[in-house]
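Engineer: Okay, here's the prediction I keep looking at, along with the sequence it came from:
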Protein chains: 2
Amino acid sequence: MKKYSEMTKDELFAELDTVQTEYNKLKKMDLSLNMARGKPGKAQLDLVSDMMDILNSGSNYEYDGIDVRNYGNLEGLPSCRKLFAELLGTDPDNVFIGGNSSLNLMYDTIAKAYTHGRINSDIPWSRLDNVKWLCPAPGYDRHFKISESFGMEMITVPMTPQGPDMDIVEQLVTDKDVRGMWCVPKYSNPDGIVYSDDTIRRIASMKPAAKDFLLMWDNAYCVHELFGEFVPFPDIISECASYGNLDMVFEFASTSKITFPGAGVSVFACSKSNMDYIKSLLTVQTISYEKVNELRHVLYLKDKTGIIALMKKHAKILAPKFQCVLDSLEREIAPLGIASWQNPKGGYFISVNVLPGTAKAVWQLCKEAGLTLTNAGATYPYGIDPQDSNMRVAPSFPPLEQLEKAMEIYCVSLKLAALKKLLA
Amino acid sequence: MKKYSEMTKDELFAELDTVQTEYNKLKKMDLSLNMARGKPGKAQLDLVSDMMDILNSGSNYEYDGIDVRNYGNLEGLPSCRKLFAELLGTDPDNVFIGGNSSLNLMYDTIAKAYTHGRINSDIPWSRLDNVKWLCPAPGYDRHFKISESFGMEMITVPMTPQGPDMDIVEQLVTDKDVRGMWCVPKYSNPDGIVYSDDTIRRIASMKPAAKDFLLMWDNAYCVHELFGEFVPFPDIISECASYGNLDMVFEFASTSKITFPGAGVSVFACSKSNMDYIKSLLTVQTISYEKVNELRHVLYLKDKTGIIALMKKHAKILAPKFQCVLDSLEREIAPLGIASWQNPKGGYFISVNVLPGTAKAVWQLCKEAGLTLTNAGATYPYGIDPQDSNMRVAPSFPPLEQLEKAMEIYCVSLKLAALKKLLA
């Protein structure tokens, strides 16, 4: 197969004919497939459903000297804080256990900066004329939506294979209106990039002009290896501390993709000063989070070793799905030279860069053939990809046999959109 | 026994001697008792722990066509919305299921008014120079803390046996800076007062000058009868609607005192316009709340009849505790004429008005004898009771035998503080 860029116009027209026929055939199958979100599939949920046997009416609900069924212990069950401290490589005192959603903890952290200010803010951010925010992109759409909801001015920072382009970041943070930055440091969403040690060092040692700069370190995929062994990762709290930026960072994680997406536990980690301050605000918001589920997780997951062992079982379910996507792309698309993609070693996504100016068209073609993908553009601030090129493929939810069909649709749509563009 | 007000100085001094000796004896017992919060006791937690048998690894986690373990369904499991709609007497579409804390839902509702404005606000409240808020008092300290945290100017509204003094409320809401009001309409915290139909009608038909006035209707004790049968209660959503105030009210409730205080489900109810608006904000904050626990509640509680039957079992545990407090007060304090109190038919508290100017002293005396009570003043905005008289007694947590000892301390402290005041 020739690259499309090397084809004559006649050859392209002939290819268009073939591809259009293939597409029409797929469209007629009246499929309904969804690869829009990083949603674990049923096999992964079944894998961990024995967690529901951990507690029953005969259980002892007193743990760490606390009746987990009752009110109290805002910061979470001590054993649960310890478990996540081990996982993140930080101190249990730095760890706060939240409800079922780390997104909610992130939202609250930013909401409180707006309503009350950060620990070292002069005034609440709601009183500022402008809040600028650094958004490495492609990135996570739900992060960008939080920024957008609070009216931040989002500034796109390009991603490199080592993480956000730090030359640009270091320049941008000299602007005192730049108040923070989103990061998914390990297996970034959607690129699956692991920030290099050098990138992490440069982030931790930034000297932002805004003294209340907030580094949002969403370590969502901290133990989410797909291929190969667990990859150790630096503790951002102590990294920041070692450069005098102790209070700059809030780290987040959850068990949403370790146990249940809708019924896990979430966590943030931060410095002692940040913890004291945020607890003084959170104690007004709620009496305590859900300690019964915290205990369930402590007893089920046990420790870091237990979690990593479980993640290997998840990987066994997930890796073939990722392989299926990668194989399809390699087989169908690579020879045509119309797209490039990452080969992630972990995380939940495959980031595909299609022919510039065709991502929205590909999305639409897939949609019409019954395949829902993450919106084209979603990986960029305001949902606008200036190149109209990046697409986030989420292989986790459909069973493998559906995924194969989905990838047929995807690859054909990708070709069709490219041909139409080239022939326009 | 004579009333203290009828005693001669000599008689008061003799009584002081006796009471001081009694107090010293109790103090020497080195007790540690807690009646500070409306925390259910262990017997109540054990009562409902069979809820933990409802789900296990063999359960079907697909319910209402939804896999409750996975992401999705922001507004909650349809069956759970239906259950609470029946309980509150409203439509399932008006109901949103949250996490384990209705306080958190209340906080979020107000936080969003500050960061984004209400559905009918001109600007977010954070941009207003002043937000005034009506606080019927004695009231719930955690409500007042939310108002205080957001810098509201709290205005105390006296409580009457029918609810908040509506002559005063109707006057106050003509001020366009008055943006809202706290209400605990059934078995109010701490008085245990049930708002009369007339009070509810007058609240629902208010004409606040602020078009984005927010009625915070915390129906925390909607099925929490202690003595006697379930008392039906009007649906505030339709009440408000019938007076053209459809979008004025958010109602809140939870199972914190039906199932587990730290691990129940919470709920708000509001008009369709409010629901659409608040969901457009909440969808940025979280993907979904904890549907596994929602399913657990649906299967365990079944329906309103099931809930009311369960509440009768709670009442069987709680009523003797309330009776113990009331009997002690009646026996020890009533003849002396130094305090008055409510006789609640439901809820979680007994509101005691001690001799003005002695509440803080009583609290301190109790503390020194090993009994922790709700802070004196806590039932008023800013924690300041202008009369230094109201005390909230929370009998639910200690076992009955401890409660008897606690009431000994309380009554003796009450007498001692009164005597010292009268002899000062």
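Structural biologist: Nice, thanks for sending it over. Residues are numbered from 1 along each chain as shown, chains lettered A, B, ... in the order given.
Engineer: Could you use CA atoms for every contact and neighbour count after this?
Structural biologist: Will do.
Engineer: Can you point out the buried residues in stretch A:130-139?
Structural biologist: Residues A:131-139 are the ones in stretch A:130-139 that count as buried (16 or more other Cα atoms under 10 Å in any protein chain shown).
Engineer: what about it, near chain B?
Structural biologist: No. Counting by Cα under 8 Å from any Cα of the partner chain, chain B is not contacted by stretch A:130-139; separation bottoms out at 13.7 Å.
Engineer: ok, residues contacting that stretch?
Structural biologist: A:125, A:144, A:147, A:151-159, A:164, A:169, A:177-183, A:188-191, A:379-381, A:390 (Cα atoms under 8 Å, 6 or more residues apart in numbering or on different chains).
Engineer: I'd guessed residue A:263 sits against residue A:98; true?
Structural biologist: No. Here residue A:263 does not reach residue A:98: they are 11.5 Å apart, not a contact under Cα atoms under 8 Å.
Engineer: returning to that earlier point: and which of the buried residues of stretch A:130-139 is nearest to chain B?
Structural biologist: In terms of Cα to the nearest Cα, no member of these lies closer to chain B than residue A:131, at 13.7 Å.
Engineer: Quick check: residues of the stretch 1-150 of chain A near chain B?
Structural biologist: Residues of the stretch 1-150 of chain A that fall close to chain B, judged by Cα under 8 Å from any Cα: A:39-40, A:45, A:49-53, A:55-57, A:68-72, A:99-101, A:103-104, A:107-108, A:111, A:114-116, A:126-127, A:142, A:145-146, A:149-150.
Engineer: Looking at the residues you listed, which are in helices?
Structural biologist: Taking DSSP state H, the ones among the residues of the stretch 1-150 of chain A next to chain B that sit in helices are A:45, A:103-104, A:107-108, A:111, A:114-115, A:142, A:145-146, A:149.
Engineer: Assign the residue nearest to residue A:48 when sequence neighbours are not counted to helix, strand or coil.
Structural biologist: Leaving aside its chain neighbours, residue A:48 sits nearest to residue A:259 (5.9 Å; criterion: Cα to Cα, 6 or more residues apart in numbering or on different chains). Under DSSP: H, G, I helix; E, B strand; the rest coil, residue A:259 falls in the coil class.
Engineer: before we move on, what about residue A:159?
Structural biologist: strand.
Engineer: mind checking how far it is from residue A:166?
Structural biologist: Distance from residue A:159 to residue A:166, counting by Cα to Cα, to the nearest Å: 9 Å.
Engineer: before we move on, back to that, of the ones in helices among the residues of the stretch 1-150 of chain A next to chain B, closest to residue A:336?
Structural biologist: Set against residue A:336, the nearest of these by Cα to Cα is residue A:142 (32.7 Å).
Engineer: isn't residue A:72 right up against residue B:261?
Structural biologist: No. Residue A:72 is beyond contact range of residue B:261, at 9.1 Å (criterion: Cα under 8 Å).
Engineer: Mind checking which of these two has more residues around it?
Structural biologist: residue B:261 (25 against 20; other Cα atoms under 10 Å in any protein chain shown).
Engineer: Any idea how many residues pack against the closest residue to that one other than its chain neighbours?
Structural biologist: Spatially, and ignoring its direct neighbours in sequence, residue B:261 is nearest to residue A:70 (5.0 Å; Cα to Cα, 6+ apart). By the measure other Cα under 10 Å, the count of residues near residue A:70 is 26.
Engineer: for residue A:70, what are its contacts?
Structural biologist: Listed by Cα under 8 Å, 6+ apart, the contact partners of residue A:70 are B:39-40, B:45, B:260-263.
Engineer: and if we set it to 10 Å?
Structural biologist: A:61-62, A:288, A:290-292, B:39-42, B:45, B:256-257, B:259-264 (Cα atoms under 10 Å, 6 or more residues apart in numbering or on different chains).
Engineer: Then residue A:38?
Structural biologist: So residue A:38 contacts A:189-190, A:257, A:261, A:347-349, A:374, A:392-397, B:71 (Cα under 10 Å, 6+ apart).
Engineer: how many other residues sit next to residue A:230?
Structural biologist: Look at residue A:230: counted by other Cα under 10 Å, it has 16 neighbours.
Engineer: From residue A:298, how far off is it?
Structural biologist: 20 Å.
Engineer: quick revisit: among the contacts of residue A:38, name the ones in strands.
Structural biologist: Within the contacts of residue A:38, residues falling in strands by DSSP state E are A:392-393.
Engineer: re earlier: return every residue with contacts to both of residue A:72 and residue B:261.
Structural biologist: By the contact definition Cα under 10 Å, 6+ apart, residue A:72 and residue B:261 are jointly contacted by A:287-288, A:290, B:39.
Engineer: quick one: terminal-to-terminal distance for stretch A:332-346?
Structural biologist: 23 Å.
Engineer: ok so, going back, now the residues of the stretch 1-150 of chain A next to chain B: which count as buried?
Structural biologist: A:39-40, A:45, A:49, A:51-52, A:55-56, A:68-72, A:99-101, A:103-104, A:107-108, A:111, A:114-116, A:126, A:142, A:145-146, A:150.
Engineer: any idea how far stretch A:253-268 is from the chain center?
Structural biologist: Relative to the chain's own centre, stretch A:253-268 is displaced by 13 Å; criterion: Cα atoms, centre = their mean, to the nearest Å.
Engineer: Can I get that stretch in PDB, CA atoms only?
Structural biologist: Only the C-alpha atoms of stretch A:253-268 are listed here, as PDB (Å, rounded to 0.1, in the frame of the first residue of the first chain):
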ATOM      1  CA  ALA A 253      -5.500  10.000  43.000                       C
ATOM      2  CA  SER A 254      -8.300   7.500  43.400                       C
ATOM      3  CA  THR A 255      -9.300   3.900  43.200                       C
ATOM      4  CA  SER A 256     -11.800   4.600  40.500                       C
ATOM      5  CA  LYS A 257      -9.800   2.400  38.100                       C
ATOM      6  CA  ILE A 258      -8.500   0.100  40.800                       C
ATOM      7  CA  THR A 259     -11.800  -1.000  42.400                       C
ATOM      8  CA  PHE A 260     -15.100   0.600  41.200                       C
ATOM      9  CA  PRO A 261     -15.300   3.700  39.000                       C
ATOM     10  CA  GLY A 262     -18.400   4.900  40.700                       C
ATOM     11  CA  ALA A 263     -17.700   3.600  44.200                       C
ATOM     12  CA  GLY A 264     -14.100   3.900  45.000                       C
ATOM     13  CA  VAL A 265     -12.300   6.300  47.300                       C
ATOM     14  CA  SER A 266     -10.400   9.400  46.300                       C
ATOM     15  CA  VAL A 267      -7.500  11.100  47.900                       C
ATOM     16  CA  PHE A 268      -5.500  14.300  47.900                       C
END
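Engineer: pLDDT of that stretch, averaged?
Structural biologist: Stretch A:253-268 carries an average pLDDT of 97.
Engineer: Stretch A:226-239 too?
Structural biologist: The average pLDDT within stretch A:226-239 is 97.
Engineer: end-to-end on that stretch?
Structural biologist: With Cα to Cα as the measure, stretch A:226-239 spans 26 Å from end to end.
Engineer: If you count neighbours, what's buried in that stretch?
Structural biologist: Going by neighbour count (16+ other Cα under 10 Å), the buried part of stretch A:226-239 is A:226-227, A:230, A:233, A:236-239.
Engineer: Over to stretch A:410-424?
Structural biologist: A:410-419.
Engineer: quick check, nearest of these to chain B?
Structural biologist: Nearest to chain B, judged by Cα to the nearest Cα, of those is residue A:410 at 24.1 Å.
Engineer: check contacts around the closest one.
Structural biologist: With contact set as Cα under 10 Å, 6+ apart, residue A:410 has these partners: A:23, A:325, A:328-329, A:362-363, A:365-367, A:369, A:371-373, A:393, A:404, A:416.
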